[in-house]
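> quick one, structure for this:
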Amino acid sequence: MGLRNVLEKMKLIEPEAAGASPARPVAPPASGRSAPASAKSTASLDDLLRDVPTLRVADDDLARAQGSSGDAIPDFAAIYKAAGIADPRHGFGAYKVLEILSSPEFAGLDARARASTLSGFLKMNPSGPVPIREVIQDAVQRDQALDRFEEFLRKKLESRAEEVRAENARLQAEMDALARKNRERMEASEKAIESERRRFADWQGRKQAEEEKLYRAVEPFVENNPVSARQGAPAPPRGAG
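Numbering: from 1, shown residues only. From the prediction side, this is the model:
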């Protein structure tokens, strides 16, 4: 979620209409002095974000947050904790502000009135004024933590996908090598059986020549020759004829 979406959701700025100039969030004056009429209750987005640091979160911290929940993606609270984000000391973080803005007292107000009323409420906080900048900082840093964890998950996914591609390539190479080896074995077996067929055919030819000799040897003495020559017919029972 972009920063503008965060601030719009918190009703601290008005939604930007197409082609319109950027909306300006409401913030209290920096001091007790009255602000100029042209900017009495407004401050630029750049002013509000001037002191918001860029969140730095190490992969190891995010990995530990995910490690505590196994392979499952941790909840947002765990992600915020891994990023080192805690509720502000005054207690008015983004979620508390959302809770206030969702109350019935704010239901009938438009976005600008909500922001103005909330700013006044935070200034009058019994335990001390709450700068609206710190509320926005809390929201922005939580948003940064979510974006950082999304980047972490994407990198982890891409790394895992690369490992899977490499493993699949290795398995495919093994399959190809095995298939090639099996084809060679099959071809060798086919060649061996073909060689057997040729030897068998050659023996059949020699057998036929041998049987013809035997046929001729007994032919003068019998009417029905018992030797199977040429036709390969089975010999008649012994004693026939």
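> who's in contact with His90?
For His90, the contacting residues are Asn125, Ser127, Gly128, Val130, Glu134, by CB atoms under 8 Å, 6 or more residues apart in numbering. Yep, even glycine has a C-beta here, placed from its N, CA and C like the rest.
> can I assume it sits in a strand?
No - looking at His90 with DSSP: H, G, I helix; E, B strand; the rest coil, it is coil, so not inside a strand.
> any idea of the mean pLDDT in whichever strand or helix holds Arg198?
Remark: Arg198 resides in helix 132-218, with elements defined by DSSP states H and E. Helix 132-218 shows an average pLDDT of 93 in the prediction.
> report all helices and strands that that helix contacts.
Applying 3 or more CB pairs under 8 Å, 6 or more residues apart in numbering; DSSP states H and E, one finds that helix 132-218 contacts helix 3-9, helix 45-49, helix 59-67, helix 76-82, helix 94-101, helix 111-123.
> farthest-apart pair in the contacts of His90, please.
Ser127 and Glu134 (13.4 Å; CB to CB).
> double-check that Glu223 belongs to a strand.
No - counting by three-state DSSP, Glu223 is not part of a strand but coil.
> what about it, neighbour count?
Counted with other CB atoms under 10 Å, residues neighbouring Glu223 total 7.
> same check, this time on Glu99
The number of residues near Glu99, taken as other CB under 10 Å, comes to 11.
> how close does it get to Lys155?
As judged by CB to CB, to the nearest Å, Glu99 and Lys155 stand 34 Å apart.
> next one: Glu167
Distance, Glu167 to Lys155, by CB to CB: 19 Å.
> figure out which of the helices and strands packed on helix 132-218 is closest to Ser189.
Comparing the helices and strands packed on helix 132-218 by their distance to Ser189 (CB to CB), the top pick is helix 59-67, with 53.2 Å.
> picking that back up, which of the contacts of His90 are buried?
Buried subset of the contacts of His90 (neighbour count, 16 or more other CB atoms under 10 Å): Val130, Glu134.
> so which of the contacts of His90 are in helices?
Glu134 (DSSP state H).
> burial check on Ala82, number of neighbours?
Look at Ala82: counted by other CB under 10 Å, it has 23 neighbours.
> now it, nearest residue through space, not along the chain?
Ala65 (3.6 Å; CB to CB, 6 or more residues apart in numbering).
> quick one: contacts for the one you found?
Contacts of Ala65 by CB under 8 Å, 6+ apart are Pro74, Ala78, Ile79, Lys81, Ala82, Phe149.
> CSV please, covering the residues you listed and showing distance to Gly108.
Formatted as CSV, the contacts of Ala65 follow (distance: CB to CB, whole Å):
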residue, distance to Gly108
Pro74, 38
Ala78, 37
Ile79, 35
Lys81, 37
Ala82, 39
Phe149, 37
